[in-house]
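Enquirer: Prediction below, plus the sequence it came from.
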Amino acid sequence: MPYQIKRIYDGLSDNDGYRVLVDRVWPRGVSKERAHLDAWIKELAPSTDLRKWFAHDPTKYPEFHQRYFGELDANPDVKSIIAELNQRAKSETVTLLYSAKDEEHNQAVVLKDYLYG
């Protein structure tokens, strides 16, 4: 299953395949035309409370990872969404798009771990 992650600010590439925004909030300064999204799946994003608690603090990342997995496990919609993404990933790359500046400590990295889990 070819999943990749990418900042939405990096723009469109030929190898992006199916582009999915996994942020709960629309990224600042990005028009819908420039985003070139195939889907915006807010249900896969961390809750507002978890996002605010994490505040992109790398020292909180291990606990954020654990809590976010817990949210995904507890969300009844996630299984069907992931099944759809996995089906799509059999035939094309699925690019998980995020807006955070930190490329190592963000929800897309955790979500990719979850998808491969």
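Expert: Yep, that arrived.

Enquirer: Please list the outside residues in contact with the worst-scoring helix or strand of the chain on mean pLDDT.
Expert: None of the helices or strands of the chain scores lower by mean pLDDT, DSSP states H and E than helix 32-35, at a mean of 92. With contacts defined as CB atoms under 8 Å, 6 or more residues apart in numbering, helix 32-35 is touched by 8, 11, 19, 21, 27, 97. All C-beta spots, glycine's among them, are computed from the backbone N, C-alpha and C.

Enquirer: What's the per-residue pLDDT of the fourth one here?
Expert: Predicted confidence (pLDDT) at Leu21: the value is 98.

Enquirer: Over to Met1?
Expert: Value listed for Met1 in the pLDDT field: 57.

Enquirer: same check, this time on Gly11
Expert: pLDDT at Gly11 comes out at 83.

Enquirer: Quick check: buried residues in the longest helix along the chain?
Expert: Longest helix in the chain, counting residues (DSSP state H): helix 61-74. Along helix 61-74, these residues count as buried under the neighbour rule (16 or more other CB atoms under 10 Å): 61, 64-65, 67-68, 72.

Enquirer: in this protein, what spans have low per-residue confidence?
Expert: Along the chain, the model assigns pLDDT under 70 to residues 1.
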